[in-house]
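Engineer: Coordinates only, no sequence provided:
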Ligand SMILES: *Cc1c(COP(=O)(O)O)cnc(C)c1O
């Protein structure tokens, strides 16, 4: 065994996908399974497809390549508006991509034409979260750009919410998206098919039967992977949250004072730390650090363990209140939020195991 390791209960992820798909299907909505939170792990991608996701979406072309090279044949979508410099590999691995800039559309058309391969584009509309997307009143310009394309096919419109500014999906911003779809379609020979109404944060509208008719796709990552919706700080009651566990090994267990000794400068990341004096307490160091994980997103699963802080390679724990005194070589387990999962998935020092 090597540690740290991330134990993934793929069967629970499959069940999450099934539950999400059951609810969205009833509302006339397809699910694109979003794999980026786990670096497009092929086993997880397969679980998403088996659970009923119609296609897979990821923000990195290299992750799409990973899926294709693993033999996955489902349609793949790039979930980030592409860099001009990555268009050749985008065309090689993706069936569709998000776009928001007419100049990128022109470059994409040229790149597609060079290899005689077509690609679908989902035009992103900014409905208020201020990340990617055209303003709804710019749809005409994009429609004209797309009408001149032969290899680039407009497949729909989409919006992203809850990511930059934390704006929640509502009937209002979904309505704006539907109106934008109509405006784009008016510029094209035939109406666009997909109206993609966001990610996990849009699920609540579906659950409450408030999703406007016409929204026919959601791009779901967090709900399937972790059973949570961070934008509404909720666990989703019909989904599993215990889909993955981080295990790290203790390399030191020793009583130490709670205030450091000596003159305080900045810590390894440039922050000036502050300490409250709580006397001598038992502490432990787990062999994992900021190179592997965003420690703020970890929650210890054993009783009496509290995270004190982390440097690049050391996670410092207060273990004074553990019912049984931990020892060097013991494992400690953690559940995690999306940010911690993302960092663990990306770290090459963390072994990934499927159960
Ligand atoms: C990451 C991402 C999603 C998925 O979001 P979740 O909250 O994980 O469901 C959807 N759309 C875009 C554009 C994304 O970047």
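Structural biologist: Perfect, I can see it now. Predicted, not measured: the structure shown is a model, and the values here were computed from it.
Engineer: Up against the ligand, what does the stretch 1-150 of the chain have?
Structural biologist: 34, 36, 59, 79 (C-beta under 6 Å from any ligand atom). Placement of C-beta: from N, CA and C, glycine included.
Engineer: Quick check: the third one touching residue 81?
Structural biologist: What it means is residue 59. No - under the criterion of C-beta atoms under 8 Å, residue 59 is not in contact with residue 81, lying 9.8 Å apart.
Engineer: want to try a markdown table for the residues of the stretch 1-150 of the chain next to the ligand, with neighbour count, pLDDT and secondary structure as columns?
Structural biologist: Compiled in a markdown table, those are given as follows (neighbours: other C-beta atoms under 10 Å; pLDDT from 0 to 100; DSSP: H, G, I helix; E, B strand; the rest coil):
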| residue | neighbour count | pLDDT | secondary structure |
| --- | --- | --- | --- |
| 34 | 26 | 98 | strand |
| 36 | 20 | 98 | helix |
| 59 | 18 | 98 | coil |
| 79 | 26 | 97 | coil |
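Engineer: quick one: residue 147 and residue 190 touch, right?
Structural biologist: No - counting by C-beta under 8 Å, residue 190 is not a contact partner of residue 147; they are 11.1 Å apart.
Engineer: for the record, mean pLDDT for stretch 325-332?
Structural biologist: Averaging pLDDT along stretch 325-332 yields 98.
Engineer: How far away from the center of its chain is that stretch?
Structural biologist: Mean-position distance between stretch 325-332 and its chain equals 32 Å (C-alpha atoms, centre = their mean, to the nearest Å).
Engineer: Show me the strands in the stretch 51-200 of the chain, by range?
Structural biologist: 55-58, 76-78, 96-99, 119-125, 152-159, 194-196 (DSSP state E, counting those that start in this stretch).
Engineer: Have a look at residue 147 and residue 190 and say which one is more surrounded.
Structural biologist: Higher neighbour count among residue 147 and residue 190: residue 147, with 11 against 7, using other C-beta atoms under 10 Å.
Engineer: Check what pLDDT that one gets.
Structural biologist: The per-residue pLDDT of residue 147 was computed as 96.
Engineer: who touches the residue in the stretch 251-355 of the chain positioned nearest to the ligand in this structure?
Structural biologist: Of all residues in the stretch 251-355 of the chain, the one sitting closest to the ligand is residue 338 (6.6 Å; C-beta to the nearest ligand atom). For residue 338, the contact set (C-beta atoms under 8 Å, 6 or more residues apart in numbering) comprises 37, 221, 222, 225, 226, 228, 230, 297.
Engineer: could those go into JSON lines alongside neighbour count and pLDDT?
Structural biologist: Shown next, in JSON lines, are the contacts of residue 338 (neighbours: other C-beta atoms under 10 Å; pLDDT from 0 to 100):
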{"residue": "37", "neighbour count": "21", "pLDDT": "98"}
{"residue": "221", "neighbour count": "24", "pLDDT": "98"}
{"residue": "222", "neighbour count": "22", "pLDDT": "98"}
{"residue": "225", "neighbour count": "31", "pLDDT": "98"}
{"residue": "226", "neighbour count": "27", "pLDDT": "98"}
{"residue": "228", "neighbour count": "19", "pLDDT": "97"}
{"residue": "230", "neighbour count": "16", "pLDDT": "92"}
{"residue": "297", "neighbour count": "18", "pLDDT": "97"}
